[in-house]
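Q: Return a 3D structure for these sequence lines:
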Amino acid sequence: MQPGQKNLITDVAGLRVGQAEDVRIKTGVSVLVGDVPFTAAAHVMGGAPGTRETELLAPDKTVQMVDALVLSGGSAFGLDAASGVADALRIQGRGFPVGDQSVPIVPGAILFDLTNGGRKNWARNPYKLLGTAALAAAADRFKLGSAGAGTGALIADLKGGIGSASLCLDPFTVGALVAVNALGRVTVGEGAQFWAAPFEFGDEFGGLGTATVFDPAAPIPVKGGGSATTIAIVATDARLSQAQATRMAVVAHDGMARAIYPSHTPMDGDLVFSAATGAVPLAEAEADLLRLGHAAALCLARAIARGVYAATPAKGDLLPAWAVRHRDG
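A: Just a heads-up that it's a prediction; the model follows:
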């Protein structure tokens, strides 16, 4: 396995990512949209999730395909971002046909960034417009770090961010997109090395190698206030049923556990969406699903580290970016 050409979730053909942010509010939105509808599923392991239309993604539900997936800041206010995406897709003629109407299916998830130092005294919820702007910006390349849903993200001791990574495992491609806003840390102790270091390709998040010293008896480092959540999407070009896509989302959580210490806490709303475009049929279902789940977890662990590694400082930050604390001294 090797990363795709862009080392982004958009190495999965037919998928694009759009992002929009408001730097004054310190928040933003990231949207994954398909050229055509795609199979999607979701799995939650955090104790405090905030979601839209995730029940629709269960294998026994009527609608099997979605038009887009949304990751947003803003806590419950951020759920409105998916409405902006849905409105714009409807204008484009996208959506599930119901009589003479088309209803875009746009599940979403949110993270909590309401206490990150930004201006939150808006008179009108800004997330619907941010969702519309993010969809309009959809492309096969996009910024990592302090962008989109990762704009105002924080972890225990550093700025969080938006991350992405991919892997090619013939004949499939797998990718991940994640907004890292965890209660815990993604680096080991007080050092610069990432928990995800064993899974790094090249120097995609610094090439620093693994940490040599760690005290498991030390107090668990967490962010104050219980304001957290890491939300992610893993995607593939494999042809998966909704049940198979659900299994890939479940296994992908292993990547979150490998990259964040601790993860899946009662104060996190940790969630993974999965997306499958269906371009490449499975040859051997059990063996292929094993490989796809393993690759999804690897991509997610690396994407988490890449998101924090790429974060940049901004006025009013409550915590430093990784580069400020470690690379720049």
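
Q: what packs against the host helix or strand of R247?
A: In the assignment (DSSP states H and E), R247 maps to helix 242-259. Applying 3 or more Cβ pairs under 8 Å, 6 or more residues apart in numbering; DSSP states H and E, we find helix 242-259 packed against strand 27-44, strand 231-238, strand 271-280, helix 285-309. Using the backbone N, CA and C atoms, a C-beta is placed for each residue, glycine as well.

Q: ok, now with 6 Å
A: strand 27-44, strand 271-280, helix 285-309 (3 or more Cβ pairs under 6 Å, 6 or more residues apart in numbering; DSSP states H and E).

Q: Any buried residues in it, and which?
A: Neighbour counts over helix 242-259 (16 or more other Cβ atoms under 10 Å) mark 242, 244-259 as buried.

Q: can you list the helices and strands packed on helix 242-259 in a markdown table and add mean pLDDT, mean neighbour count and distance to G163?
A: Formatted as a markdown table, the helices and strands packed on helix 242-259 follow (pLDDT from 0 to 100; neighbours: other Cβ atoms under 10 Å; distance: least, Cβ to Cβ, whole Å):
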| stretch | mean pLDDT | mean neighbour count | distance to G163 |
| --- | --- | --- | --- |
| strand 27-44 | 96 | 25 | 11 |
| strand 271-280 | 96 | 24 | 13 |
| helix 285-309 | 96 | 25 | 3 |
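
Q: can you redo the ones you listed as CSV with distance to V174?
A: As requested, the helices and strands packed on helix 242-259 are arranged in CSV below (distance: least, Cβ to Cβ, whole Å):
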stretch, distance to V174
strand 27-44, 14
strand 271-280, 10
helix 285-309, 4
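
Q: ok so, going back, quick one: work out the angle between the helix holding R247 and helix 285-309.
A: Per axes from the mean of the first three to the mean of the last three Cα atoms, to 10 degrees, the angle that helix 242-259 makes with helix 285-309 is 40 degrees.

Q: centre of the chain versus helix 242-259, how much separation?
A: Relative to the chain's own centre, helix 242-259 is displaced by 12 Å; criterion: Cα atoms, centre = their mean, to the nearest Å.

Q: got it, and stretch 275-295?
A: 20 Å.

Q: show me what contacts the residue nearest the centre of the chain?
A: Centroid-nearest residue in the chain: V178, 2.1 Å away (criterion: Cα atoms, centre = their mean). For V178, the contact set (Cβ atoms under 6 Å, 6 or more residues apart in numbering) comprises 163, 232, 303-304.

Q: how about 7 Å then?
A: 163, 230, 232, 300, 303-304, 307 (Cβ atoms under 7 Å, 6 or more residues apart in numbering).

Q: Check which residues of stretch 313-323 are buried.
A: Buried, per 16+ other Cβ under 10 Å, within stretch 313-323: 317, 319, 321-323.

Q: the inter-axis angle of the helix holding R247 versus strand 27-44?
A: Going by the same axes, to 10 degrees, helix 242-259 is angled at 110 degrees with respect to strand 27-44.

Q: out of everything not next to it in sequence, what's closest to Q101?
A: Leaving aside its chain neighbours, Q101 sits nearest to G95 (7.8 Å; criterion: Cβ to Cβ, 6 or more residues apart in numbering).
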